[in-house]
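[1] fold the stuff below for me.
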Amino acid sequence: MGSSAGKREIRVLVTGGTEDRFGPALSVALELRNRSGKIAPAWVGAVENRERKMCKRYHIPYLPTKIPPIRHNLTAAFSYLRETVRLTVLFGRKRPGAIVSFGGPESFPVLTAASFRSVPYFLHEQNTVPCFVNRFFARGAKKVFLGFSVAERSLNGSVEVTGTPIRTEVRNYNDTDYPSNLCREKTTILVANADAYNGAGDFIDTMVPLVKGWSAEGLQVVWETGHEHYNEVKQALDGCRGAILFPQIGDLYPYYALSHVVIGRSTASFLAELAYFGLPCICIPAKKDGGEWVNAGVVENQGWGIRVAPENWNSEIDKAVKEIISNEKSFERMSQFALDNAPSEAAARITGIIVDELKVD
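    Modelled structure (predicted):
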């Protein structure tokens, strides 16, 4: 029951899966709570990870599950089966009003239990190439929300192109406590999320001489190296005053705000944030197949990104950076194309459809 007489809350469970899906899922959970006082979002996630900490920060109830890492073995299969049974029993005792899933293997037991208990569920597929879970459950979904329209051809079900939800917080970054060696007035290149794939070592070998060259030309580079490679990069760039290094940046928004161009992987949530800030980007998918490669191709066709294949990192990344920052008209055009494709209303559109489907006043 709700806190006031006659007010019955509808519990909506949100599951975010892997880290690149967490941000969009959190945006929808917060929007659901803000949209209607009758909706009580709660989170379904792993026992201990970043999701749980962030949910605590935003005061979102957390339902921990013992969902195993992605592995193809009998132990994992048994764990998924056990978790499916547990959730099915739980949903039988306390049936949620709906499930909102952002895909990933971790969502499989949740959606299976929802199907067994006839709990309505909604899916979001942020990538151009849908994940297995979303393809498997799409037909039974109330609605499948899409980050890119091209994903529709791989799914059976009721789809709606909304874009990928992002935080639309407006903050004054003038008061941000940036590192003391960072100069706000310099033209800044941000290198973000580029370490989280096989091949990060090759990328570092490519980037170190480029960063030294850009620094010598008066440019500034903010580089999120990843914890594994931080010391290696720090040693390689010792004495390079134009490089500001972080093992990880908890909130990229203040660094988006002062950047002129961004280099990084082409995950859908990352691209959505760049579009929101109107940032031209250089996309570096780790391989020439799969969702990231196609995502980058869409952005390139939209006119605000440049896709670079792994075998061309050495020759093309520097060329792409110079092409963007040396031509003011080109920069302004790409920035506008990014803003034109920003999914600023995605969370509001998704929650509006969910509220209508649940017939919440």
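[2] in the chain, where is pLDDT below threshold?
    Low-confidence segments of the chain, defined by pLDDT under 70, are located at 1-8, 17-19, 47-49, 67-74, 171, 194-200, 361.
[3] contact partners for the residue nearest to G305 when sequence neighbours are not counted?
    Leaving aside its sequence neighbours, G305 sits nearest to V299 (Cβ to Cβ, 6 or more residues apart in numbering; 3.6 Å). Backbone N, C-alpha and C define where each C-beta goes, glycine included. When contacts are counted by Cβ atoms under 8 Å, 6 or more residues apart in numbering, V299 touches S266, L271, C281, C283, G305, R307, N341.
[4] the nearest residue to K38 once chain neighbours are set aside and Y121: what is the separation?
    Nearest residue to K38, sequence neighbours excluded (Cβ to Cβ, 6+ apart): V360, at 5.2 Å. Going from V360 to Y121 by Cβ to Cβ, to the nearest Å gives 16 Å.
[5] ok, back up a step: and the two most separated of the contacts of V299?
    Spanning the widest gap among the contacts of V299 are R307 and N341, at 15.2 Å by Cβ to Cβ.
[6] so which of the two has more stuff around it?
    Between R307 and N341, counted using other Cβ atoms under 10 Å, the more crowded position is R307 (24 against 20).
[7] for that one, list the residues it contacts.
    Going by Cβ under 8 Å, 6+ apart, R307 touches S266, C283, P285, W293, A296, G297, V299, E300.
[8] max-length strand in the protein?
    The single longest strand within the chain, with elements called by DSSP state E, is strand 39-46.
[9] off-centre distance for that one?
    Centre-to-centre, strand 39-46 and its host chain are 18 Å apart (Cα atoms, centre = their mean, to the nearest Å).
[10] neighbouring strands for that strand, and are they parallel or not?
    With DSSP bridges as the test, strand 39-46 is paired with strand 10-15 (parallel), strand 62-65 (parallel).
[11] buried ones in the longest one?
    Neighbour-count burial for strand 10-15, counted by 16 or more other Cβ atoms under 10 Å, picks out I10, V12, L13, V14, T15.
[12] check the gap between the second one and V44 for me.
    Going from V12 to V44 by Cβ to Cβ gives 11 Å.
[13] likewise for the third one?
    Note on L13: its distance to V44, by Cβ to Cβ, is 5 Å.
[14] residues shared between the contacts of the two?
    Shared contacts of L13 and V44 (Cβ under 8 Å, 6+ apart): L63, V110.
[15] just to revisit the earlier point, go through the contacts of V299 and flag which are in helices.
    Counting by DSSP state H, these place L271 in helices.
[16] which one of the contacts of V299 is nearest L245?
    C281 (20.1 Å).
[17] what count of nearby residues applies to that closest one?
    For C281, the tally of surrounding residues (other Cβ under 10 Å) stands at 28.
[18] max-length helix in this structure?
    Per DSSP H, the chain has its longest helix at helix 74-93.
[19] centre of the chain versus the following helix or strand past that one, how much separation?
    Per DSSP states H and E, helix 74-93 leads on to strand 98-101 as the next helix or strand towards the C-terminus. Put simply, strand 98-101 sits 18 Å off its chain's centre (Cα atoms, centre = their mean).
[20] direction included, what does strand 98-101 pair against?
    strand 10-15 (parallel), strand 121-125 (parallel).
[21] redo the ones you listed as JSON lines? Include distance to L190.
    JSON lines is the format used below for these (distance: least, Cβ to Cβ, whole Å):
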{"stretch": "strand 10-15", "distance to L190": "29"}
{"stretch": "strand 121-125", "distance to L190": "26"}
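[22] and P179, its phi and psi?
    When read as degrees, to the nearest 10, the backbone of P179 gives phi -60, psi 150.
[23] ok, it to K359 distance?
    From P179 to K359 the distance is 51 Å (Cβ to Cβ).
[24] how close does the closest residue to A309 other than its chain neighbours sit to V294?
    Closest residue to A309 apart from its sequence neighbours, by Cβ to Cβ, 6+ apart: K288 at 5.6 Å. Using Cβ to Cβ, K288 is found at 10 Å from V294.
[25] quick one: which of these two has more around it?
    Taking other Cβ under 10 Å, K288 and V294 do not tie; V294 has more neighbours (19 against 11).
[26] isn't the more buried one right up against A151?
    No: using Cβ atoms under 8 Å, V294 is not in contact with A151, being 9.2 Å away.
[27] what sits in contact with each of those two?
    With Cβ under 8 Å, 6+ apart, V294 and A151 have common neighbours N127, T128, V129.
[28] sweet, I'm off.
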